[in-house]
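In: generate a structure from the sequence data that follows.
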Amino acid sequence: MGSISGPITEFCLDLYNKLNRNAEGENIIFSPMSISVALALVHLGAKNNTAAQIENVLHVRKAAGRTRPGAGLETASPEMEPEQSQARQSLSQLCPRMRNSDGDLNHKAFQTLLLQLQNLGERYVLTLANNLFIQEGFELHQQFLTCSKELYGAMLQAVDFHGAVEAARTKINTWVQSETQGKIKELFAPGVIDAHALLVLVNVIYFKASWEHKFEEQKTVQRDFKLNQKEKKPVQMMYQKGMFKLGYIEEMGAQVLELPYAQKSLSMIILLPGDMADGSTTGLEQIESTMTHENLMLWASSEYLYETRVELYLPRFKLEGTFNLNEVLQEMGMTDIFSESKADLSAMSFAKTLTLSNVVHKAYVEVNEEGTVAAAGTGAVIVRRSLPLTEVFMADHPFLFFIRHNPTNTILFFGKLCSP
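Out: Residues are numbered from 1 along each chain as shown. As a prediction, this is how the structure comes out:
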């Protein structure tokens, strides 16, 4: 399944490191999968160096060298109906850029992943929405419109940024709020979009799921969460005792716990540093500094984790993250698309002056006894076992977490909880 999940993980770690630079003691939540899909959508309309820069940022060029072009996600659905296969062939003819050439972005793999995520079962709600809002008057290629809708479900909308920027902002915010069942409001604050905007990419994700084993509400009690060496705050700490997959990263005294959602299609993986009782404040930083793609996959792998009885303490929490990704993406190497003299979006529009004005992403997470709403975070603490009876995993200090789609090993959400 390396064809898309690997690049999404690489992109995830790049992005986390950028967002985390000035975020000591702050919560972070974002969806690397969702942002990757949004950038893949833009890639459909890009050519030449503009397209190559997107491929580099998304790590898909490296992936093409590792795997057979077109390999990977497609093989995950042997039960595909003949008509689905036929539809895919006709779509491939309609969208020639969908056919993966060496070093190019594999749009088919993204589409297959999206199809899998839309069929998680009735105990899951996962809404991924992309929209391109374009200044009225720009004529778009019909092929781009068709392929963006068929591959990514994206509906392009014309708005008047130049003449009625406030009305355009309201229209975008209303769309986002309806797509996320009211959880994400006011994505664009006043003044974020200006009258010079030409093309705004909006990417939102809404996720709701139940735990495989729910926490009993009557067992939730108030406990202290250690923000750092000196500060604590009271939180609602959930509790359950049961069989979970647990791992121990020996060299840094950290625990790894897998907390499955319904039917185990998705799991939350929690990376919990050793307790800060010894006065060190480097537990989280130690994990972050050694968190490569290979290590992350190893720590959360079935070979590394073993099933054992665990006393699990996890805070109830809500996280919301909003990012304008323009600056970060430029730092990562996606510079041309924001420059009027260099942007090549000629597969999208005839216009020579079309540039990307804003890339905005918002993720929302709520973790409670039932499960996770709209994204997810969860945590726990460490008492080292003397006998293999019951492990204790208590998330009463900052930790990292991610939500993984288990069949494809794809990271859907990634976060850091410093203050519930």
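
In: now the helices for the stretch 201-350 of the chain?
Out: Per DSSP state H, counting those that start in this stretch, the stretch 201-350 of the chain carries helices over the ranges 283-289, 293-299, 326-331.

In: check which helix or strand Ala129 maps to.
Out: Element membership of Ala129, judged by DSSP states H and E, is strand 124-135.

In: so which elements touch that strand?
Out: Other helices and strands packing on strand 124-135, by 3 or more Cβ pairs under 8 Å, 6 or more residues apart in numbering; DSSP states H and E, are helix 32-44, helix 107-117, strand 157-159, helix 165-179, strand 199-210. For the C-beta atoms, the positions are set from N, CA and C on the backbone; glycine is no exception.

In: would you mind listing the buried residues in it?
Out: 124, 126-135 (16 or more other Cβ atoms under 10 Å).

In: stretch 186-200 too?
Out: Buried, per 16+ other Cβ under 10 Å, within stretch 186-200: 187-188, 193, 197-200.

In: which strands border the strand holding Ala129, and is each parallel or antiparallel?
Out: strand 157-159 (parallel), strand 199-210 (antiparallel) (DSSP bridges).

In: quick one: low-confidence residue ranges for the protein.
Out: 1-2, 62-93, 96-104, 276-282, 371-389 (pLDDT under 70).

In: which strand is the longest one in it?
Out: Identified as the longest strand of the chain according to DSSP state E is strand 232-249.

In: which parts of that strand are buried?
Out: Residues 235-240, 244-249 are the ones in strand 232-249 that count as buried (16+ other Cβ under 10 Å).

In: report the distance from that strand to the chain centre.
Out: How far strand 232-249 lies from its chain's middle: 23 Å, per Cα atoms, centre = their mean, to the nearest Å.

In: export it as PDB, just CAs?
Out: Taking Å, rounded to 0.1, in the frame of the first residue of the first chain, the C-alpha atoms of strand 232-249 are listed here in PDB:
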ATOM      1  CA  LYS A 232      -1.300  21.700  35.800                       C
ATOM      2  CA  LYS A 233      -4.900  22.000  34.800                       C
ATOM      3  CA  PRO A 234      -7.900  19.900  35.800                       C
ATOM      4  CA  VAL A 235      -9.400  17.800  32.900                       C
ATOM      5  CA  GLN A 236     -12.200  15.300  32.500                       C
ATOM      6  CA  MET A 237     -10.200  12.000  32.400                       C
ATOM      7  CA  MET A 238     -11.900   9.000  30.800                       C
ATOM      8  CA  TYR A 239     -11.000   5.500  32.000                       C
ATOM      9  CA  GLN A 240     -11.400   1.900  30.800                       C
ATOM     10  CA  LYS A 241      -9.600  -1.300  31.400                       C
ATOM     11  CA  GLY A 242      -9.300  -3.800  28.500                       C
ATOM     12  CA  MET A 243      -7.200  -5.500  26.000                       C
ATOM     13  CA  PHE A 244      -5.300  -3.100  23.800                       C
ATOM     14  CA  LYS A 245      -2.200  -3.200  21.500                       C
ATOM     15  CA  LEU A 246       0.700  -1.500  23.300                       C
ATOM     16  CA  GLY A 247       4.300  -0.900  22.500                       C
ATOM     17  CA  TYR A 248       7.300   0.600  24.400                       C
ATOM     18  CA  ILE A 249      10.000   2.700  22.700                       C
END
